[in-house]
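>>> sequence first, predicted model second:
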Amino acid sequence: MNGDGPAGSPAVELWNKIPSAVRDFIEVGGLLSLGVSIGLVCSKVGGPVMDAIGVVGTLVLFFAAGWLFLTRKVLKDHDSKALMVQSLFSAIFMMSCSMYCLILFEVLNVLSLDARWLNWKVALTGLVVLLIFVIPYYFCFLLLSNSDFTPRASALLAFLPTAVYLWAFYTITDSLPITGHSGSVTVMGISRLGVLGVTALAVTSGFGAVNCPRGYMIYFLRPVEDKDIETIERRLLKTLEMIASKKKRILIQEHEGRRK
């Protein structure tokens, strides 16, 4: 129900009076809290079936929270129907929240050890696959499809720039002191993503630390008015007159000294 229709219950009217940004925050936060609550409830019941329900329910609600956040906040002013883009964002959001939630479950001993370990491996592997393989490939596919290529040709040609990217990604990070050369794709991928991520954060943080004060320094400076300029000009003229007077006095004293 929206605020344009007839008056509803007081709760609905109160909800419609809340700013949209606050409502979006409450809805996304409610889905995230509900996902954590499902894990807690299923852990209290116990059993493999309840562990599976808790894991799946948590992931589904986290995915829905990511979808809602993207459509309500990021794409609020855009009429985008790219379901694949929304699905990839929601999947990344779901796995990231799931890994954070698993740390909380580990501390509180929620769900069984096997369920937590399986969920951790699935989320970690899914993140590596999406970040290293799927998203770069789909990015190249979108670039080609927006350049008058047919979808079939774009899907085939996208493998070439993706292969170049994977070669560059491996070559750039191969010389770095990265652990995880044991052959595990997940370990090697996480190591390289971690190094590049920390490097990117360091570069952007350094740029922001310098650019932000430079950009906002003007707000802390006192504006210069005409009377300030006139005051400084009078001081400058008085200083010049004083200097000229002292030079004249020195010349007179030197002249008198020569006469003596």
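On my side now, so go ahead.
>>> from the chain's centroid, how far away is the longest helix along the chain?
In the chain, taking DSSP state H as the definition, the longest helix is helix 226-259. In terms of Cα atoms, centre = their mean, to the nearest Å, the centre of helix 226-259 is set 61 Å apart from its chain centre.
>>> my guess is Ala115 contacts Met50. True?
No - the criterion here is Cβ atoms under 8 Å, and Ala115 misses it with Met50 at 9.3 Å. Bear in mind the C-beta positions are built from the backbone N, C-alpha and C, glycine included.
>>> quick check: mean pLDDT of the longest helix of the chain?
Average pLDDT, helix 226-259: 87.
>>> show me what counts as buried in that helix.
In terms of neighbour count (16 or more other Cβ atoms under 10 Å), helix 226-259 has no buried residues at all.
>>> same thing with stretch 189-201?
For stretch 189-201, by 16+ other Cβ under 10 Å, it's 189-193.
>>> the bottom helix or strand of this structure by mean pLDDT?
helix 10-17 (a mean of 68; mean pLDDT, DSSP states H and E).
>>> just checking, what packs against the helix or strand following it?
As assigned by DSSP states H and E, the chain's next helix or strand after helix 10-17 is helix 20-45. Applying 3 or more Cβ pairs under 8 Å, 6 or more residues apart in numbering; DSSP states H and E, we find helix 20-45 packed against helix 48-69, helix 83-108.
>>> can you add mean neighbour count and distance to Phe139 and give the ones you listed back as a markdown table?
Compiled in a markdown table, the helices and strands packed on helix 20-45 are given as follows (neighbours: other Cβ atoms under 10 Å; distance: least, Cβ to Cβ, whole Å):
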| stretch | mean neighbour count | distance to Phe139 |
| --- | --- | --- |
| helix 48-69 | 19 | 19 |
| helix 83-108 | 17 | 10 |
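>>> can you redo those helices as TSV with mean pLDDT and distance to Ile26?
Listed next are those as TSV, based on pLDDT from 0 to 100; distance: least, Cβ to Cβ, whole Å:
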stretch	mean pLDDT	distance to Ile26
helix 48-69	88	11
helix 83-108	88	17
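>>> now tell me what touches stretch 32-50 from outside.
51, 53-55, 57-62, 65, 97, 101, 104-105, 108, 110-112, 115 (Cβ atoms under 8 Å, 6 or more residues apart in numbering).
>>> rerun at 6 Å
53-54, 57-58, 61-62, 65, 101, 110-111 (Cβ atoms under 6 Å, 6 or more residues apart in numbering).
>>> over to stretch 129-145?
Contacts of stretch 129-145 (Cβ under 6 Å, 6+ apart): 154, 157-158, 161-162, 165, 189.
>>> please redo it, this time with the cut-off set to 7 Å
Contact with stretch 129-145 is made by 84, 88, 91-92, 151, 154-155, 157-158, 161-162, 165, 189, 193, as judged by Cβ atoms under 7 Å, 6 or more residues apart in numbering.
>>> now that stretch: how far from the chain's centre is it?
19 Å.
>>> and it, what's buried?
The neighbour-count check on stretch 129-145 (16+ other Cβ under 10 Å) flags 130-132, 134-141, 144-145 as buried.
>>> avg pLDDT for that stretch?
89.
>>> one step back: can I get the buried residues of stretch 189-201 in JSON lines including secondary structure, pLDDT and distance to Ala244?
Listed next are the buried residues of stretch 189-201 as JSON lines, based on DSSP: H, G, I helix; E, B strand; the rest coil; pLDDT from 0 to 100; distance: Cβ to Cβ, whole Å:
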{"residue": "Gly189", "secondary structure": "helix", "pLDDT": "79", "distance to Ala244": "77"}
{"residue": "Ile190", "secondary structure": "helix", "pLDDT": "81", "distance to Ala244": "75"}
{"residue": "Ser191", "secondary structure": "helix", "pLDDT": "78", "distance to Ala244": "73"}
{"residue": "Arg192", "secondary structure": "helix", "pLDDT": "80", "distance to Ala244": "72"}
{"residue": "Leu193", "secondary structure": "helix", "pLDDT": "81", "distance to Ala244": "71"}
